[in-house]
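Asker: quick one, structure for this:
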Amino acid sequence: MTPRPPGPDQPTTTSPPQSPNPNPNPNPSQSPTPSPTPSPSPSQGPSQSQSPRAGTTSGAGAGAGDGAGARARARARARAWAELLRLPALFTVPGDALAGAATTGNRPNPRTLLAIASSLCLYEAGMALNDWADQAEDALERPHRPLPSGRIRPPAALVAAGALTAAGLALAARAGRPALAVAAPLAATVWAYDLALKRTPAGPAAMATARGLDLLLGATATGGSARPALPSALTLATHTLAVTTVSRGETRGSSPLAPLAALATTGTLAWTLTRTPQAPGTAPSRYPAAAPSQHPAADTLRTVLAAAFVATSGRPLLHAALNPSPPLTQRAVGGGIRAMIPLQAALAARSGALASALLTAALAPAARRFARKVSVT
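Answerer: A predicted model of the protein is given here:
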């Protein structure tokens, strides 16, 4: 409780302490004459019994308490938005554009940065829209989520989704018409998935399409063409398809078939990552960065990254296959999302873009760290 100064209806009166007479009368027969003590008038300000310092200290304490409460409310609101937007999952987004840019044989440029920013906005738009569309279901199965718990109002989530979508398209337009031509169907796929396709058989395919388009966005923004990035986009979309299929058992559990299929997909993709796509003796590629045989260091790096991809995604998938309970299924989905990072880095390394591969791989520790604080599922 913060002490409060007494109000006008709670007067505080205190008698001044009696001090001994400093000059006692040596004649006991004569009594000392007490000196009158004037009572303070209202114009003289507070008396000694009401110290102004006490009121100031009490008021300062109340102000400090209000400030601490405001900061606590601000932190709680920020955490609610971090949960709504699943901020740790953002670390899996820049690698899409970097992997796409690597396939063009060009270095990342300012248009690549615009593509990354556009991808981040569209990704977060999908997160906000996802919870807005799922608020009735989350009220029963995930009442702790920001919308059903009342920490964020549903209209605010919908407005955020619309604003982020508009920002993503505007950034893609700044990157050029080819990039906007990819960003527009990407945004449409995100909204279609959240509002209509999520619970249909087409749901996983729609999510896989969105992730593949996100990689193509980086390629078109950097080099103007999506064609050289199609194999990498297909690889990333295949992994996304497997993870999204597993995610359908997050709240109620499922059979072991989906985790087993995703585990087999993980192994197959890792094997393709370590293969050299261009056989010796064939004509050189139009896009030199796409020929890893010309980059021995990239070959070694992509092998290491492929192993990291298997370790990040495969182990939780195996646990979910042995026991497809909701907690283990959620852990498998989280591992599959984080495995996007080594997969993207391996794709960049396969194209010979060592710097982009290392930069993408450096995002993995941060994603793992923040995922301990805010769930990505």
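Asker: only C-alpha atoms from now on, for both contacts and neighbour counts.
Answerer: Noted.
Asker: export the strand or helix carrying residue 268 to PDB, keeping only CA atoms.
Answerer: Here residue 268, judged by DSSP states H and E, is contained in helix 257-274. C-alpha atoms of helix 257-274 as PDB (Å, rounded to 0.1, in the frame of the first residue of the first chain):
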ATOM      1  CA  LEU A 257       1.300 -40.900 -39.900                       C
ATOM      2  CA  ALA A 258       1.800 -37.100 -40.300                       C
ATOM      3  CA  PRO A 259       4.900 -36.900 -38.200                       C
ATOM      4  CA  LEU A 260       6.400 -39.900 -39.900                       C
ATOM      5  CA  ALA A 261       5.700 -38.500 -43.300                       C
ATOM      6  CA  ALA A 262       7.200 -35.200 -42.300                       C
ATOM      7  CA  LEU A 263      10.300 -37.100 -40.900                       C
ATOM      8  CA  ALA A 264      10.700 -38.900 -44.300                       C
ATOM      9  CA  THR A 265      10.300 -35.500 -46.100                       C
ATOM     10  CA  THR A 266      13.000 -34.000 -43.900                       C
ATOM     11  CA  GLY A 267      15.500 -36.800 -44.800                       C
ATOM     12  CA  THR A 268      14.700 -36.600 -48.500                       C
ATOM     13  CA  LEU A 269      15.200 -32.800 -48.600                       C
ATOM     14  CA  ALA A 270      18.500 -33.100 -46.600                       C
ATOM     15  CA  TRP A 271      19.700 -35.600 -49.200                       C
ATOM     16  CA  THR A 272      18.800 -33.300 -52.100                       C
ATOM     17  CA  LEU A 273      20.600 -30.400 -50.400                       C
ATOM     18  CA  THR A 274      23.900 -32.300 -50.400                       C
END
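Asker: average pLDDT for the helix or strand residue 128 falls within, rounded please.
Answerer: In the assignment (DSSP H and E), residue 128 maps to helix 110-133. Taken as a whole, helix 110-133 has an average pLDDT of 96.
Asker: can you check stretch 144-153 too?
Answerer: Averaged across stretch 144-153, pLDDT comes to 94.
Asker: what's the first-to-last distance across that stretch?
Answerer: Stretch 144-153 has an end-to-end distance of 14 Å (criterion: C-alpha to C-alpha, to the nearest Å).
Asker: what does it rub up against?
Answerer: Stretch 144-153 has contacts (C-alpha atoms under 8 Å, 6 or more residues apart in numbering) with 77, 80-81, 83-84, 131-132, 135-136, 138-139, 142-143, 154.
Asker: again with stretch 260-272
Answerer: Contacts with stretch 260-272, where a contact means C-alpha under 8 Å, 6+ apart, come from 235, 238-239, 242-243, 246, 306-307, 309-310, 313-314, 317-318, 321.
Asker: quick one: which of those residues sit in helices?
Answerer: Of those, the ones assigned to helices by DSSP state H are 235, 238-239, 242-243, 246, 306-307, 309-310, 313-314, 317-318, 321.
Asker: may I ask which of those has the most neighbours?
Answerer: Using other C-alpha atoms under 10 Å as the neighbour test, the ones in helices among the contacts of stretch 260-272 are led by residue 317, with 33 neighbours.
Asker: helices and strands of this structure: which one has the lowest mean pLDDT?
Answerer: Across the helices and strands of the chain, mean pLDDT, DSSP states H and E gives its lowest value to helix 52-85, namely a mean of 75.
Asker: next SSE downstream of it?
Answerer: helix 94-102.
Asker: and that following helix, average pLDDT?
Answerer: For helix 94-102, mean pLDDT is 96.
Asker: can you pull the contacts of residue 306?
Answerer: 270, 271, 273, 274, 342, 343, 346.
Asker: and residue 158, how many neighbours does it have?
Answerer: With other C-alpha under 10 Å as criterion, residue 158 counts 18.
Asker: thought it was touching residue 127?
Answerer: No: taking contacts as C-alpha atoms under 8 Å, residue 158 lies outside contact range of residue 127: 10.3 Å.
Asker: next up, the contacts around residue 360.
Answerer: For residue 360, counting by C-alpha under 8 Å, 6+ apart, the contacting residues are 94, 95, 98, 341, 342, 344, 345.
Asker: is it correct that the fifth one is in contact with residue 304?
Answerer: No: the pair residue 342 / residue 304 is not scored as a contact, 9.1 Å apart, by C-alpha under 8 Å.
Asker: so for those two, which sits in the more crowded spot?
Answerer: residue 342 (30 against 14).
Asker: what strand or helix carries residue 173?
Answerer: Take DSSP H and E as the rule and residue 173 turns out to sit in helix 154-175.
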